[in-house]
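Asks: I would like the atomic coordinates for the input below:
(one chain, ligands or ions: 2)
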Amino acid sequence: MSKIDEKLEAVLDQVLRRNAGELEFHQAVTEVLESLGRVVAKNPSYLENALIERICEPERQIIFRVPWVDDKGQVHINRGFRVQFNSALGPYKGGLRFHPSVNLGIIKFLGFEQIFKNALTGLPIGGGKGGSDFDPRGRSDGEIMRFCQSYMTELHRHLGEYTDVPAGDIGVGGREIGYLFGQYKRLTNRYEAGVLTGKGLVYGGSRARTEATGYGAVYFVERMLGTKQFSFEDKRVVVSGSGNVAIYTAEKVREFGGKVVACSDSSGYVVDESGIELDLLKEVKEVRRERISEYARRRSGAQFIDKGSIWDVPCDVAMPSATQNELTGRDANTLIANGVAAVGEGANMPCTPEAVRFFREAGVLFAPGKAANAGGVATSALEMQQNASRDSWTFDQTEQRLADIMRRIHDTCASTAEEYGAPGDYVLGANIAGFVRVAEAMRALGVI
Ligand code: NDP
Ligand code: 2IT
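Replies: Numbering: from 1, shown residues only. Ligands and ions are numbered 1, 2, ... in the order given. Model prediction:
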């Protein structure tokens, strides 16, 4: 990892001090600022008007109480968040995460990453993120619904199709978006479809949004492999997680001729040397919401392992698609020793800084999350377009646009890295290209 430019060091120091203890946020800001040294060297005007300081400070942070009643009549309190980070390019846009680990620092890291990711899509969307420390695991549909309704009862006053447009993330999928949209509609008495994305197809959702993040990540990595005359064809692939991103990553890898031999959840991982059977994985995870061990129990030849790391499984391509910092420096060394050719981040910041450094030093192709997983939010922006025009596109039409967007993001990252003297460094390329687009818009809008 490049050392930070001294002009940016003061900015970083201030961010670290002002946001004490928010380690994931520190990590995300540090990585971006490390990339910006080459930009300010070339164009010092980006240091004027506290532009970079402003990018690092959310425009608005909302924290609220979310009371709800469980099936036994017991009252619970969770904490709700929405960080409206940057609206220079469009309304705040980014998902909601429901997971017990959620805190302000995690939402801020995700919101900060989202600014640059959304800029890379080339579509008119600002950056934001939200969520709650609510744990959906083991909760009934009724409990999930009451939680979503309570969460939206507070959040609705901060949203709007021109203001802030949430979507899903960990623990928030189609079911939750439905309950959230229903409550928004009820409170506002407006059928404002464009206020949330990831909606069901019967009430304004976009075809291919469910598949978009995983499919998009595979499109990106396929193009990245192409720069070295490789492809997914006959490759062994390991995909961590078994949620929305992981499942549709696996589906597209298979379409491209690769074989996904392992996936996971927080209880462990399964290895299936004949290739993960997608209908069974969807049945276990999407329909029945069971643990990953259930997959191995129902599939002969598959093995469930609850010790060690999924990255111990040898592969040609690794696609971490579960959560932040799930792939450590040790894991990176194991993957490198096993001959990994490429790593594509389906999740947000799944590789630790040390892991990223090891991959870079070993010459492993590395696609950072803010570029590789941008297909989800890009398709959300396509959902907003369809809602604004009261139109509904076919699956093929929508997927074609997704594929074009991902190839363009890849090429932008690659050409930006080259322009700034670091060919093949997609981290640098993504950070710089995303930053420049946001910075130019912010400059045009004045000091706000
Ligand atoms: P899901 O809730 O659908 O799935 C998350 C998966 O990751 C589950 O298998 C879950 O296992 C696993 N996981 C979550 N937290 C942990 C943890 N602390 N340790 C180990 N495993 C964990 O979420 P998504 O698939 O939507 O999101 C996955 C990642 O992709 C996240 O980083 C998200 O921010 C990112 N992302 C999502 C997009 C989207 O459109 N959904 C778009 C871009 C990025 P378990 O069930 O056991 O918790
Ligand atoms: O991290 C992400 O990009 C998402 N969770 C998707 C955001 C969105 O608005 O579709």
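
Asks: Who does the residue of the stretch 101-250 of the chain found nearest ligand 2 form a beta bridge with?
Replies: Ligand 2 sits closest to Ala167 of the stretch 101-250 of the chain, with a gap of 3.3 Å, by Cβ to the nearest ligand atom. From N, CA and C alone the C-beta is placed, and that goes for glycine too. Beta bridges link Ala167 to Gly95 when assigned by DSSP bridges.

Asks: Run the chain-centre distance for stretch 289-298.
Replies: Relative to its parent chain, stretch 289-298 has a centroid offset of 25 Å by Cα atoms, centre = their mean, to the nearest Å.

Asks: That should have said stretch 250-268, apologies.
Replies: Counting by Cα atoms, centre = their mean, stretch 250-268 is centred 18 Å from the centre of its parent chain.

Asks: for stretch 10-19, same thing?
Replies: Distance, centroid of stretch 10-19 to centroid of chain: 24 Å (Cα atoms, centre = their mean).

Asks: residue contacts, the residue of the stretch 101-250 of the chain closest to ligand 2?
Replies: Ala167 is in contact with Lys93, Gly94, Gly95, Leu96, Ile177, Leu196, Thr197, Gly198, Gly376, Val377, Ser380, counting by Cβ atoms under 8 Å, 6 or more residues apart in numbering.

Asks: Please list the residues of the stretch 51-200 of the chain that sit near ligand 2.
Replies: Counting by Cβ under 6 Å from any ligand atom, the residues of the stretch 51-200 of the chain close to ligand 2 are Lys93, Gly94, Gly95, Gln114, Lys117, Ala167, Asp169, Thr197.

Asks: burial count for the second one?
Replies: By that I understand Gly94. 31 (other Cβ atoms under 10 Å).

Asks: Low-confidence stretches in this protein?
Replies: 1-2 (pLDDT under 70).

Asks: if I pick the closest residue to ligand 1 within the chain, what's in contact with it?
Replies: Among all residues of the chain, Gly243 sits closest to ligand 1, at 1.8 Å; criterion: Cβ to the nearest ligand atom. With contact set as Cβ under 8 Å, 6+ apart, Gly243 has these partners: Ile170, Gly173, Asp265, Lys285, Ser321, Ala322.

Asks: unless I'm mixing things up, the second one is touching Gly198, no?
Replies: Put plainly, it is Gly173. Yes. Look at Gly173 against Gly198 with Cβ atoms under 8 Å: they come within range, at 7.3 Å.

Asks: Looking at the two, which one has more neighbours?
Replies: Each of Gly173 and Gly198 has its neighbours counted (other Cβ under 10 Å); Gly198 has more, 28 against 17.

Asks: where does that one fall, helix, sheet strand or coil?
Replies: Per DSSP: H, G, I helix; E, B strand; the rest coil, the secondary structure class of Gly198 is coil.

Asks: Likewise for the one 4 residues further on?
Replies: The three-state assignment at Val202 reads helix, by three-state DSSP.

Asks: what does Ile276 give?
Replies: Going by three-state DSSP: Ile276 is coil.

Asks: wait, Gly429 sits on His410?
Replies: No. If you go by Cβ under 8 Å, Gly429 and His410 don't touch, sitting 9.2 Å apart.

Asks: Between those two, which contacts overlap?
Replies: Ala371.

Asks: Between the two, tell me which one has more neighbours.
Replies: Per other Cβ under 10 Å, whichever of Gly429 and His410 has more neighbours is Gly429, with 28 against 25.

Asks: Can you give me every residue that contacts the more buried one?
Replies: Contacts of Gly429 (Cβ under 8 Å, 6+ apart): Ala371, Thr412, Cys413, Ala414, Ser415, Thr416, Ala417, Glu418, Tyr420, Ala422.

Asks: 7 Å instead, please
Replies: Cys413, Ala414, Thr416, Ala417 (Cβ atoms under 7 Å, 6 or more residues apart in numbering).

Asks: Next: Ser293.
Replies: Each residue near Ser293 by Cβ under 7 Å, 6+ apart is listed here: Ser267, Gly268, Phe304.

Asks: which one of the contacts of Gly429 is nearest ligand 2?
Replies: Cys413 (16.1 Å).

Asks: For that closest one, grab the count of nearby residues.
Replies: Cys413 is flanked by 28 other residues according to other Cβ under 10 Å.

Asks: Kindly report the same for Asn325.
Replies: For Asn325, using other Cβ under 10 Å, the count is 17.

Asks: And the residue lying closest to it once chain neighbours are set aside, how close does it get to ligand 2?
Replies: Closest residue to Asn325 apart from its sequence neighbours, by Cβ to Cβ, 6 or more residues apart in numbering: Thr352 at 5.1 Å. Separation of Thr352 from ligand 2 (Cβ to the nearest ligand atom, to the nearest Å): 18 Å.

Asks: residues of the longest helix anywhere in the chain that come out buried?
Replies: Ranked by residue count and defined by DSSP state H, the top helix of the chain is helix 395-419. Using 16 or more other Cβ atoms under 10 Å as the test for burial, helix 395-419 gives 398-399, 401-403, 405-406, 409-410, 412-414, 416-417.

Asks: next helix or strand past that helix?
Replies: Downstream of helix 395-419, the first helix or strand assigned by DSSP states H and E is helix 426-445.

Asks: Would you tell me whether that following helix gets close to ligand 1?
Replies: No. Applying Cβ under 6 Å from any ligand atom, one finds helix 426-445 separated from ligand 1 by no less than 13.8 Å.

Asks: ok, that helix near ligand 2 or not?
Replies: No. Using Cβ under 6 Å from any ligand atom, helix 426-445 stays clear of ligand 2, with a minimum separation of 12.6 Å.

Asks: how far off helix 395-419 does that helix point, in degrees?
Replies: Inter-element angle recorded for helix 426-445 and helix 395-419: 100 degrees (by axes from the mean of the first three to the mean of the last three Cα atoms, to 10 degrees).
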